[in-house]
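Participant: task: produce atomic coordinates for the following.
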Amino acid sequence: MASQASTYEKQLVREIEATPKEYWPNLLQLIRLFRETVELKPAAASFRQGWKEAQSGQTRPITELWDGIDAE
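Facilitator: Model prediction:
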C-alpha cells in the first residue's frame, strides 16, 4: 500500500509541475474542495460550519443551487 501511495504522490507532483504556475492557486482550491467533499465530518461540526457560513452571509439563492440539475 505504501508503494501505491508513493506512486500516486509522484504522479500528483508531476501533474502539478506540468501545470503553469499561474494556475496553481486555482488548482489548490480544487484540491481543497475535493478533499472537503470526501471527508466525512461529524454532524455537529457540519452544522456549525453551515451555521457560521449562513451568519456571515456566505449563502447562495436556492434557485442558483438548482442550476445545471436536470430534474424530470
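Participant: contacts for the longest helix seen in the chain next, please.
Facilitator: The single longest helix within the chain, with elements called by DSSP state H, is helix 2-18. Residues outside helix 2-18 that contact it (Cβ atoms under 8 Å, 6 or more residues apart in numbering): Trp24, Leu27. In short, each C-beta sits where N, CA and C put it, glycine included.
Participant: list the buried residues for it?
Facilitator: When burial is assessed from 16 or more other Cβ atoms under 10 Å, helix 2-18 yields no buried residues.
Participant: going forward, begin numbering at 48 instead of 1
Facilitator: Sure, I'll start counting at 48 from here, so that last one is helix 49-65.
Participant: and the average pLDDT for that helix is what?
Facilitator: In this model, helix 49-65 has a mean pLDDT of 89.
Participant: swap in stretch 85-97?
Facilitator: 83.
Participant: picking that back up, got the angle between the next helix-or-strand element following the longest helix of the chain and helix 49-65?
Facilitator: For helix 49-65, the following helix or strand on the C-terminal side (DSSP states H and E) is helix 71-85. Here helix 71-85 points in a direction 140 degrees away from that of helix 49-65 (axes from the mean of the first three to the mean of the last three Cα atoms, to 10 degrees).
Participant: other SSEs contacting helix 71-85?
Facilitator: Helix 71-85 is packed against no helix or strand, with contacts defined by 3 or more Cβ pairs under 8 Å, 6 or more residues apart in numbering; DSSP states H and E.
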